[in-house]
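S.K.: build me a structure from this.
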Amino acid sequence: MPPNDALLALLPEHLVLAGMLVLIVLALGKRPAPSGVSLAVGVLSAGGAAAAAFVLASQGLTVSLFDGQLALSPSVYMTKGLLLSLAVPVLLMSRTDFQDGEFPLLLLSSLYGLSLLPSAQSALVLFLGLEMLSVPVYALIVLAMRRPESAEAALKYLVLSGAASATFLMGISLLYGTTGSMQVDAVAQAMTASDPVATSALVLIVLALFLKGAVVPFHAWAPDTYEGASVPVAAYMATLSKAAVLIVGVQLFAGVTVEGPLVELLAVLPLISIIWGNLTAMRQDSLRRMIAYSSIAHAGYLFYAFLGDPSTRTDAVVFYVVVYAAANLLAFAVLPTNEDDQARDQLSALDGLMHRKPLAASLMAIAMFSLAGLPPFPGFTAKFLIFRTVIEAGYPVYAILGLVGSFLGLFFYLRVVQRMFMRPETADAATSPAAALSPAAALSQTAGVLCGVATLLLTLVPGWILSRV
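M.R.: Numbering: from 1, shown residues only. The predicted structure follows:
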């Protein structure tokens, strides 16, 4: 392929890389660049990369690069564009916790790894993308240092990610040993092989994805990590980091019908995650811990989709990931600001929010309704697609059990709404006027409005997204 065509095909990645280089140059200057300039560069880079992906998708560009290591098509560009778009609200809400330019640089570094995943056709490229995404997050967790637990949270995230990476490497090593290939289609070969080494490879790969996605019983440190991270970092971890894991799974199992022992593995542990995540979230007084346990449950729904038909699996997973990410980002973006990070994280901070911030309360309610899967919000459509594909694959019992487990989530999502609309405002919940009118708060509100618009579009035209991914 001509070099110019390769440059065009990877334009989203190049725009992210260009933003990183600009931020590095600004950081090396004699005088540090204003934080607003760094933030603007980050937003322009991520937004420009997303726009480039959408344009390339509309042009129908289809190419294969580097001897089949990367494959790009309109659906791949669409997925990239959607994921990169979700980074813009994260950047906008970062000013509440990060005043310097490190956050945009580290986030763009992580986004570069994320952008490689939808087009990766090799297990090694998938591993490289995951590591490039994960390593900057270690620094992001401790960068704001709003509470003593931040260092511990970063260490726990490092240990979990390291264990997952080692497991994933062992799995793809065994996959290469039994199939002689590192391409993603080697998973299909291993699925039909009777070799115990091939079965072990598949089990290790799935367990690595479970570790990355915090599926029970590999979930124990996830709530501590979310609680110790700042709001924008927790939002990024709960959405785009989680999306990356599912994209890797989609790439590896593309065109593969799950059979044998993997059926029980992909049914039982996700089902336990759905039930345990929802039950434990009921007992939380910390919003970030509640979202962490909620994400454990949502990981169960997403991995359920791998039981389904390969022809409908990708659409269901990508749509669910986008809907889930938009709703979570919306919830984080409209949180009331507070100098005390621990006080801001308490559910009591939402008491009476409707009386002092009606728009924020309304947007938060939309986020909770969507995460709960109530119609007509897009969370309902996303869950419907997941359970439909499981039923069509011939597993109605698992689908019914998962559906019953999802009803448990109604309690804690509606509890948030009840606190905002039906409780009086308390002294602890009040926001200082200076904090409410600060530029950082205004940017967070802008991020909330953007996520609200995205949720509205996903509610009104879900078919438009589904037809393109």
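S.K.: shaky segments in the chain?
M.R.: Applying pLDDT under 70 to the chain flags residues 1-5, 30, 32-33, 35, 144-147, 341, 426-437, 469.
S.K.: end to end on stretch 209-218, go ahead and measure it.
M.R.: 10 Å (C-alpha to C-alpha, to the nearest Å).
S.K.: which SSE is immediately downstream of whatever helix or strand residue 162 lives in?
M.R.: Assigned by DSSP states H and E, residue 162 belongs to helix 149-179. As assigned by DSSP H and E, the chain's next helix or strand after helix 149-179 is helix 186-192.
S.K.: contacts for that next one, please.
M.R.: 123, 175-176, 178-179, 181, 198-199, 201-202, 205, 252-253, 255-260, 262 (C-beta atoms under 8 Å, 6 or more residues apart in numbering). In short, each C-beta sits where N, CA and C put it, glycine included.
S.K.: quick one, which of those residues are buried?
M.R.: 123, 175-176, 178-179, 198-199, 201-202, 205, 252-253, 256-258, 262 (16 or more other C-beta atoms under 10 Å).
S.K.: surely residue 250 touches residue 318?
M.R.: Yes. The pair residue 250 / residue 318 is scored as a contact, 7.3 Å apart, by C-beta atoms under 8 Å.
S.K.: list the buried residues of stretch 7-17.
M.R.: Buried-residue list, stretch 7-17, by 16+ other C-beta under 10 Å: 9, 10, 11, 12, 13, 14, 15, 16, 17.
S.K.: next up, phi/psi of the nearest residue to residue 62 once chain neighbours are set aside, please.
M.R.: Of all residues not flanking residue 62 in the chain, residue 73 sits nearest, at 4.7 Å (C-beta to C-beta, 6 or more residues apart in numbering). When read as degrees, to the nearest 10, the backbone of residue 73 gives phi -150, psi 170.
S.K.: where along the protein do the strands fall?
M.R.: 63-65, 70-72 (DSSP state E).
S.K.: tell me the strands beside the first one, with direction?
M.R.: This means strand 63-65. Take DSSP bridges as the rule and strand 63-65 pairs in its sheet with strand 70-72 (antiparallel).
S.K.: out of the strands of the chain, the one nearest residue 452 is which?
M.R.: Distance to residue 452, taken as C-beta to C-beta, is lowest for strand 70-72 among the strands of the chain, at 31.1 Å.
S.K.: can I get the buried residues of stretch 7-17 in a markdown table with distance to residue 53?
M.R.: What follows is the buried residues of stretch 7-17, written out as a markdown table (distance: C-beta to C-beta, whole Å):
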| residue | distance to residue 53 |
| --- | --- |
| 9 | 11 |
| 10 | 10 |
| 11 | 8 |
| 12 | 5 |
| 13 | 10 |
| 14 | 12 |
| 15 | 9 |
| 16 | 11 |
| 17 | 14 |
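S.K.: ok, now which ones touch residue 58?
M.R.: Here residue 58 is in contact with residue 74 (criterion: C-beta under 8 Å, 6+ apart).
S.K.: let me fix that, I meant to ask about residue 290.
M.R.: By C-beta under 8 Å, 6+ apart, residue 290 lies in contact with 281, 284, 347, 412, 416.
S.K.: let's see that with 6 Å instead.
M.R.: 281, 284 (C-beta atoms under 6 Å, 6 or more residues apart in numbering).
S.K.: report the separation between it and residue 226.
M.R.: Between residue 290 and residue 226 the computed distance is 9 Å (C-beta to C-beta, to the nearest Å).
S.K.: residue 272 contacts residue 215, doesn't it?
M.R.: No. Using C-beta atoms under 6 Å, residue 272 is not in contact with residue 215, being 8.3 Å away.
S.K.: compare these two and say which is more crowded by neighbours.
M.R.: residue 215 (28 against 17; other C-beta atoms under 10 Å).
S.K.: quick check: the more buried one vs residue 137, distance?
M.R.: Taken as C-beta to C-beta, the span from residue 215 to residue 137 is 19 Å.
S.K.: now residue 196
M.R.: Plainly put, residue 196 is 35 Å away from residue 137 if you go by C-beta to C-beta.
S.K.: so for these two, which sits in the more crowded spot?
M.R.: In terms of neighbours (other C-beta under 10 Å), residue 137 is the more surrounded of residue 196 and residue 137; the figures are 23 against 10.
S.K.: mind listing what the more buried one touches?
M.R.: Counting by C-beta under 6 Å, 6+ apart, residue 137 has no contacts.
S.K.: now residue 24: closest residue in space, sequence neighbours ignored.
M.R.: In space, residue 24 is closest to residue 105, 6.8 Å off (C-beta to C-beta, 6+ apart).
S.K.: I'd guessed the one you found sits against residue 22; true?
M.R.: No. Look at residue 105 against residue 22 with C-beta under 6 Å: they stay out of range, at 9.4 Å.
S.K.: nearest to residue 92, of the buried ones among the contacts of helix 186-192?
M.R.: The nearest one, if we look at the buried ones among the contacts of helix 186-192 relative to residue 92 and count by C-beta to C-beta, is residue 252, at 32.9 Å.
S.K.: which one of residue 105 and residue 22 is surrounded by more residues?
M.R.: Using other C-beta under 10 Å as the criterion, residue 105 and residue 22 rank with residue 105 on top: 23 against 20.
S.K.: distance of the more buried one relative to residue 17?
M.R.: Where residue 17 is concerned, residue 105 sits at a distance of 12 Å (C-beta to C-beta).
S.K.: ok, how many other residues are close to the residue lying closest to residue 160 once chain neighbours are set aside?
M.R.: Nearest residue to residue 160, sequence neighbours excluded (C-beta to C-beta, 6+ apart): residue 221, at 5.7 Å. For residue 221, the tally of surrounding residues (other C-beta under 10 Å) stands at 17.
S.K.: so residue 221 makes contact with residue 155?
M.R.: No. If you go by C-beta under 6 Å, residue 221 and residue 155 don't touch, sitting 9.3 Å apart.
S.K.: state the phi and psi torsions of residue 282.
M.R.: phi -60, psi -30.
S.K.: ok, now which ones touch it?
M.R.: 411, 412.
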